[in-house]
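A.B. asks: Got a predicted model here, sequence first, then my questions.
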Amino acid sequence: MKAFYAEEQKRHDPKAFLSSGAAKPNPEMPERVERLLAGATSAGCTVERPRNHGLGPVAAVHTPEYLDFLEHIFERWQRIEGASAEVIPNIHPIARSGSYPASAVGQAGYHMADTACPISGETWQSALWSAWSAVEAAEAVISGTPAAYALCRPPGHHAFADVAGGFCFINNSAVAAQVLRKQAARVAILDVDLHHGNGTQGIFYARPDVLTVSLHADPVRFYPFFWGHADERGEGPGLGYNFNLPLPRKSADATFLEALVVAFQRIRAFSPDALVVALGLDAFEGDPFGGLSVTTPGFSRIGEAIAKLGLPTVIVQEGGYLCDELGDNLTAFLTGFGGKER
Ligand SMILES: [Zn+2]
């Protein structure tokens, strides 16, 4: 399978992270890339560098105001006397119906959902190349490749049209889906990350042309808390085109695979022309987040099951954090998926 990744994606190296109010090392470490590259290579992927696709495909799902913020906020932040080395918000609007602030501190609160996505001088370029890996994979699929893998890091599925959050800045899965829309009338996004793909849901919430389906640990007691519940079904013309399958904590392979069957029923009923898999590997039993208990062979079965949908597929890397099996889990998924000579 073709895979895409650029070295620039590794430069973003966030330090700050708050977990239940306590300062911890940020889990979205550059070393994830090494493990994932090894995993993709073991699965037989040839990893290629994406081209520079410019701002067009990114601006197709994000607002100009937000992209301008992402590109320039670090430089502006450094001009604030006594400011932190990374951009971290310390104030958020209760509702976003008020004025758009002119100050860097105000804009950080406006555009950043939490403290898990600090912005350094490298973040913008890393996030752009991550998105371009997704664009390249989508273009490969449009050109007739049955499936392609984008090693997207930083990840993307918690990023809304104008809000970063949960280690995510540019929504790579949404970017890939929008690129596929050039050729495909209907695109389905299947998010199998441990966490609900709230940003992806938000971007397509009012649209009937992109179906968003997410399996994840029940947000009633898990990040992202405010989204990912079963009653969120879309709005306006998008009503019925968002489908959430929250799973009990520590659910293992059998429960996950059963939920996947339900997800497939919805996807088949939608009759999409192409599929984006938002591939988080943090549903793994040994992942530091410990929310679900999928095993390494489980990822292989998940990959195999998704391949049976028989759709042109872009696989976009989302979460999955440092543990000995991170690379093996990617190998398992891709090998399972590629079982039918894809
Ligand atoms: Zn996740």
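C.D. replies: Done, it's in.

A.B. asks: Helix, strand, or coil at the closest residue to Leu281 other than its chain neighbours?
C.D. replies: In space, Leu281 comes closest to Gly320 once its chain neighbours are excluded; the distance is 2.9 Å by Cβ to Cβ, 6 or more residues apart in numbering. Using the backbone N, CA and C atoms, a C-beta is placed for each residue, glycine as well. Following DSSP: H, G, I helix; E, B strand; the rest coil, we place Gly320 in the coil state.

A.B. asks: Give me the neighbour count for the closest residue to Val210 other than its chain neighbours.
C.D. replies: On the basis of Cβ to Cβ, 6+ apart, the spatially nearest residue to Val210 that is not a chain neighbour turns out to be Phe204, at 4.3 Å. A total of 25 residues lie near Phe204 under the criterion other Cβ atoms under 10 Å.

A.B. asks: do you know how far Phe204 is from Tyr241?
C.D. replies: Distance of Phe204 to Tyr241, computed by Cβ to Cβ, to the nearest Å: 7 Å.

A.B. asks: what does Trp132 give?
C.D. replies: Trp132 is 27 Å from Tyr241, by Cβ to Cβ.

A.B. asks: Who are the contact partners of the residue nearest to Val210?
C.D. replies: Ala174, Ala177, Ile189, Val210, Thr212, Gly238, Tyr241, Asn242 (Cβ atoms under 8 Å, 6 or more residues apart in numbering).

A.B. asks: Relative to Gly327, how far out is it?
C.D. replies: 31 Å.

A.B. asks: next one: His92
C.D. replies: 36 Å.

A.B. asks: Next: Pro155.
C.D. replies: Distance check for Pro155 against Gly327: by Cβ to Cβ, it reads 16 Å.

A.B. asks: now do Gly298
C.D. replies: Spatial separation of Gly298 from Gly327 under the definition Cβ to Cβ is 16 Å.

A.B. asks: How about Pro248?
C.D. replies: Applying Cβ to Cβ, one obtains 28 Å for the distance of Pro248 from Gly327.

A.B. asks: of the two, who's got more company?
C.D. replies: Gly327 (22 against 10).

A.B. asks: does the residue in the chain sticking out farthest from the centre sit in a helix or strand, and which one?
C.D. replies: Of all residues in the chain, Glu81 has its C-alpha farthest from the mean position, at 34.0 Å, by Cα atoms, centre = their mean. Taking DSSP states H and E as the criterion, Glu81 maps to no regular element, lying outside all helices and strands.

A.B. asks: oh, and call the first residue 113 from now on, that's how I've got it
C.D. replies: Sure, I'll start counting at 113 from here, so that last one is Glu193.

A.B. asks: Retrieve the pLDDT associated with it.
C.D. replies: Glu193 is assigned 96 on the pLDDT scale.

A.B. asks: Phi and psi next, for Thr175.
C.D. replies: The main-chain torsion angles of Thr175 are listed as degrees, to the nearest 10 and equal phi -80, psi 150.

A.B. asks: export the contacts of Phe316 to a markdown table and tack on pLDDT?
C.D. replies: What follows is the contacts of Phe316, written out as a markdown table (pLDDT from 0 to 100):
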| residue | pLDDT |
| --- | --- |
| Ala286 | 99 |
| Ala289 | 99 |
| Ile301 | 99 |
| Val322 | 99 |
| Thr324 | 99 |
| Gly350 | 98 |
| Tyr353 | 98 |
| Asn354 | 98 |
